[in-house]
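Trainee: Need a 3D model of the following:
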Amino acid sequence: GFMTRYERKIFDDLKSPHLKYWVPFIWFGNLASKARKEGRIRDSVDLQTLMNEMNKYRSWCSLLFGYDWVGIPLVYTQVVTLAVYTFFFACLIGRQFLDTDQGYQGHDLDIYIPIFTLLQFFFYAGWLKV
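Mentor: Alright, predicted model coming up:
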């Protein structure tokens, strides 16, 4: 519903090896310039504001297209997952505070809940899932 049948035919007949998201932006710019010349847009500042916002939106579409174009290899996510879990396991072992050389009676194991290590793991695992 955003294009006429004639515009849709022109859009479909346009040959491009990549996405054609930019074509309607060109059409919009031409129509806005034509509207300014015809007096439908009263001030050049208004036209400039329209064009700036359109260019901002076009750059966002381009950025999104770039993210879609360059994929993240699957092995990267696997390596990061392994690194996060290995780091957490090392933190659980390495952040124990019991000095076994002191020979404390009844303190063979230092069992406590490492709250900050758990928080750190939850943040890392959460970021990993995102």
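Trainee: Spatially, and excluding backbone neighbours, which residue is closest to Tyr21.
Mentor: Spatially, and ignoring its direct neighbours in sequence, Tyr21 is nearest to Cys61 (5.1 Å; C-beta to C-beta, 6 or more residues apart in numbering). For the C-beta atoms, the positions are set from N, CA and C on the backbone; glycine is no exception.
Trainee: That neighbour: helix or strand, and which one exactly?
Mentor: Using DSSP states H and E, Cys61 falls within helix 44-69.
Trainee: buried sites along that helix?
Mentor: For helix 44-69, a neighbour-count test (16 or more other C-beta atoms under 10 Å) marks Leu47, Leu50, Arg58 as buried.
Trainee: which secondary structure elements does that helix contact?
Mentor: Applying 3 or more C-beta pairs under 8 Å, 6 or more residues apart in numbering; DSSP states H and E, we find helix 44-69 packed against helix 23-38.
Trainee: Could you name the helices and strands sitting against the helix it packs on?
Mentor: If you count contacts as 3+ C-beta pairs under 8 Å, 6+ apart, helix 23-38 packs onto helix 5-13, helix 44-69.
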